[in-house]
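In: Predicted model and sequence follow; I will ask about them next.
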Amino acid sequence: MIRSAQDDQRIVITGIGLTAPNGDSLADFRAALLEGKSGVDHYHIRYVGDTLAGECHFDELKHQKRKELRRGTRAGSVAIYCANEAIADSDIDWPNVNRDRVGVYIGVTEHGNVETENEIHEIKAFDYDTKVWSHHHNPRTVANNPAGETTLNMGITGPHYTIGAACAAGNAGMIQGAQMLMLGECDVAIAGGVSESIRTFGIFAGFASQGALAENDDPARASRPFDRDRNGIVVSEGGCLYILERYADAAKRGAKIYGELAGYAMNSDASDFVLPNPKQQARCMTMALDRAGLNAEQIDIVSTHATATPSGDIQECDALRRVFGKSDNTLINNTKSYIGHAMGAAGSLELAGNLPSFDDAICHPTINVDNLDPDCELKGLVLNEPREKKSVEYILNNSFGMLGINSAVIIKKA
Amino acid sequence: MTTTDIKKEILDILEVIAPDEDLTNLDDAVNFRDQLELDSMDFLDIVMELRKRHRVQVPEDDYIQLASMNSTVAFLEPLMKDIVKA
C-alpha cells in the first residue's frame, strides 16, 4: 500500500544501536569523543602483517548463540548487535510489533571479501582442492548477508537488503530507510551501515598500494584528518543502525526522538574512480540544504567525511568552503580522527557521535591536528578541544565514497 | 581408528558445529536431530569436517547414514579403520 506522501514525509530517529572501536553504546561513544579517546590500535592481518586498525569489542554473545556466530559473518554479527541494541533503545513494544512491517536497510562498503579470502586461505592447505570449499560460502557472501542475518536473528519478515554505496553507505542506508517509510513499505525501519572490513587483508593491501594506508608509531595518533603530516586511512570496523519511524507513529507511542531527518541528497562525481570532486560534493550538500529549506548559516555542525588522505581532505575542504565559507555559525568536525575509517559504518557512526550535541550543545573536535594543513584551513573547524555553542539545531553529515558517490544528511533537533 | 576413536572424533566435530549443545548425555541410538538442533547445513559440516580432517568422502546418497551416532560410526568404520589416529 502506498500511503499519501503528505502524511508520511516526517521521519524521525527513535533508537540508536552502535559499536565503534571506542564504544559499544551511544553514551560510551559520545564520552570517548568528548574525552579525545581514540579506538585505533595495533593490528595484525595475514599477508599484510603488522598494521593499525580500529577493532570493535562488543559482546558478540549478547544477541547471538555461538552456533550463529560460527555460521554467520562478522558483518552480520555487527548488524545483529546494533539492530537489537537500537530496538531496545527505542523502547518500542518489540514483542507486539508486526514484524511484517519492519524493514532492514543496511549500507555496506563491500561484502564477501572477508569470507572469500578465508576460504581461499583454507583451501590453500589442501592444495587448492575446491572440494573443501565451504557450503557456507554463498550464504555468507551474498550481498544482503548482514541485513538477512538480522532478519533471521530477530524474526523480521518485512523487506531486507543492503545498499552498496562505498563509504557513503551509512548515510545511504538511512536515506533508504526513510524513503521506504515515506512510501509506506514499512512502519519501522532499521537503517544505517556496518563494516567488517578489517577482516580482509585486501583492503589494507589495496590502500597500501595506493599510498593511502596510515602509518604511525602511536596508533592513537595515526588517523589525523586535516593535519599537515597525515599519511592515510586507518581501516576500521563498526556499525550503527537507527530505528526510523514516521513522526506520527513515534509521537503516538510517546517515543524519545533523537532528531528529525530534515533533508538529504545523494549524487555522483562522474569524474574519477578514487579522487573526489569538490564541485559535486558541494552540489550534494547544497541539494540537501535546499530540500531541508535551509541556508548554510543555519547548520550548526558539519560532520566531515575526511579520511586523512592527502588529497581527499583538501577536496572536501574545497567543497565545504564553497557551501559554508560565509557561515559564521557553522562548526566543522571529524570523527575518523578517533575511530579511523569505519567504511560502511562511517556515515552512520559519525552522525551518531554528533547527535548528543542537540542536548549538550558541545561540538566534539577533530583530534590529532598538530599542524593544520593550510589547504584545509576552514572557518569553523573545531580542532583538538571541544567547543560549546549556545544551541545546536541542525547537523549536516557528509559521507563520500569511491567511484564518486556523495551523500549528505541533515538532522534537525526534535 | 577404532570404533571408540571414531566416536570421539564425531563428538569432537559436533562440539565444533553445535557449540551451544550439551553432548554429555547424547544417546547413541537416537537420531542426532531428535536430540540436537541440527539442520541440513550442519550435516554438511560433518561431511566437510570428515573430508578435511581425514580425507574421507561421504557420498550424498549415504548422508542418511549419519543420522545417529551408532549409524555414523557403523558407516565410517570400514572407511576409517586404516587411518592412524593423530
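Out: Ah, there it is.

In: So which residues of the stretch 101-250 of chain A form strands?
Out: A:102-108, A:160-164, A:188-195, A:235-236, A:238-246 (DSSP state E, counting those that start in this stretch).

In: Mind checking those for the one nearest to chain B?
Out: Nearest to chain B, of all the strands of the stretch 101-250 of chain A, is strand A:160-164, at 19.9 Å by Cβ to the nearest Cβ. (Glycine included, C-beta is placed from N, CA and C.)

In: circling back: most tightly surrounded among the strands of the stretch 101-250 of chain A?
Out: strand A:188-195 (a mean of 34; mean count of other Cβ atoms under 10 Å in any protein chain shown).

In: Redo the strands of the stretch 101-250 of chain A as JSON lines? Include mean pLDDT and distance to A:Ser311.
Out: Output for the strands of the stretch 101-250 of chain A, formatted as JSON lines (pLDDT from 0 to 100; distance: least, Cβ to Cβ, whole Å):
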{"stretch": "strand A:102-108", "mean pLDDT": "98", "distance to A:Ser311": "24"}
{"stretch": "strand A:160-164", "mean pLDDT": "98", "distance to A:Ser311": "24"}
{"stretch": "strand A:188-195", "mean pLDDT": "98", "distance to A:Ser311": "23"}
{"stretch": "strand A:235-236", "mean pLDDT": "98", "distance to A:Ser311": "18"}
{"stretch": "strand A:238-246", "mean pLDDT": "98", "distance to A:Ser311": "25"}
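
In: okay if I get those as JSON lines plus distance to chain B?
Out: JSON lines is the format used below for those (distance: least, Cβ to the nearest Cβ, whole Å):
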{"stretch": "strand A:102-108", "distance to chain B": "22"}
{"stretch": "strand A:160-164", "distance to chain B": "20"}
{"stretch": "strand A:188-195", "distance to chain B": "23"}
{"stretch": "strand A:235-236", "distance to chain B": "28"}
{"stretch": "strand A:238-246", "distance to chain B": "23"}
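
In: Kindly report the residues of the stretch 1-150 of chain A close to chain B.
Out: A:Lys65, A:Arg66, A:Lys67, A:Arg70, A:Arg71, A:Phe126, A:Lys131, A:Val132, A:Ser134, A:His135, A:His136 (Cβ under 8 Å from any Cβ of the partner chain).

In: Restricted to buried residues, select the residues you listed in ChimeraX.
Out: To isolate the buried members of those in ChimeraX, using 16 or more other Cβ atoms under 10 Å in any protein chain shown:
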select /A:67,71,132,134,136
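
In: For the residue in the stretch 51-200 of chain A that chain B sits nearest to, give me its contacts.
Out: Here the residue of the stretch 51-200 of chain A nearest chain B is A:Arg66; by Cβ to the nearest Cβ that distance is 3.9 Å. Listed by Cβ atoms under 8 Å, 6 or more residues apart in numbering or on different chains, the contact set of A:Arg66 reads B:Pro19, B:Asp20.

In: Just give the closest residue to the residue nearest the centre of chain B, not the sequence neighbours.
Out: For chain B, B:Ile10 is the residue whose C-alpha lies nearest the centre (Cα atoms, centre = their mean; 3.9 Å). Closest residue to B:Ile10 apart from its sequence neighbours, by Cβ to Cβ, 6 or more residues apart in numbering or on different chains: B:Thr72 at 5.7 Å.

In: Give me the distance between that neighbour and chain A.
Out: 19 Å (Cβ to the nearest Cβ, to the nearest Å).

In: buried residues in the helix or strand where that residue lies?
Out: Element membership of B:Thr72 [criterion: DSSP states H and E] is helix B:69-80. Neighbour-count burial for helix B:69-80 flags B:Met69, B:Ser71, B:Thr72, B:Val73, B:Phe75, B:Leu76, B:Leu79, B:Met80 (criterion: 16+ other Cβ under 10 Å).

In: what's the farthest-apart pair in the residues you listed?
Out: Within these, B:Met69 and B:Leu79 form the most distant pair, 15.8 Å apart (Cβ to Cβ).

In: How about A:Ile16: what's its closest non-neighbour residue?
Out: In space, A:Ile16 comes closest to A:Leu26 once its chain neighbours are excluded; the distance is 5.0 Å by Cβ to Cβ, 6+ apart.

In: For that neighbour, the count of nearby residues, please.
Out: 22 (other Cβ atoms under 10 Å in any protein chain shown).

In: Isn't it up against A:Gly15?
Out: No. Assessed by Cβ atoms under 8 Å, A:Leu26 is found out of contact with A:Gly15, at 9.8 Å.

In: where do the contact lists of the two overlap?
Out: What both A:Leu26 and A:Gly15 touch, as defined by Cβ under 8 Å, 6+ apart, is the set A:Asp89.

In: how close does the residue of chain A most remote from its centre get to B:Val84?
Out: Residue farthest from the centre of chain A, counting by Cα atoms, centre = their mean, is A:Asp127 at 39.1 Å. Applying Cβ to Cβ, to the nearest Å, the value for A:Asp127 to B:Val84 is 21 Å.

In: now do B:Asp12
Out: 17 Å.

In: Please identify the helix or strand for A:Gly312.
Out: Assigned by DSSP H and E, A:Gly312 falls in helix A:310-324.

In: Revised request: answer the last question for A:Thr286.
Out: Assigned by DSSP H and E, A:Thr286 falls in helix A:278-292.

In: Quickly run through the sheet partners of whichever helix or strand comes after that helix, with directions.
Out: Using DSSP H and E, the next helix or strand after helix A:278-292 towards the C-terminus is strand A:301-303. Its sheet considered, strand A:301-303 pairs with strand A:331-333 (parallel), strand A:394-401 (parallel) by DSSP bridges.
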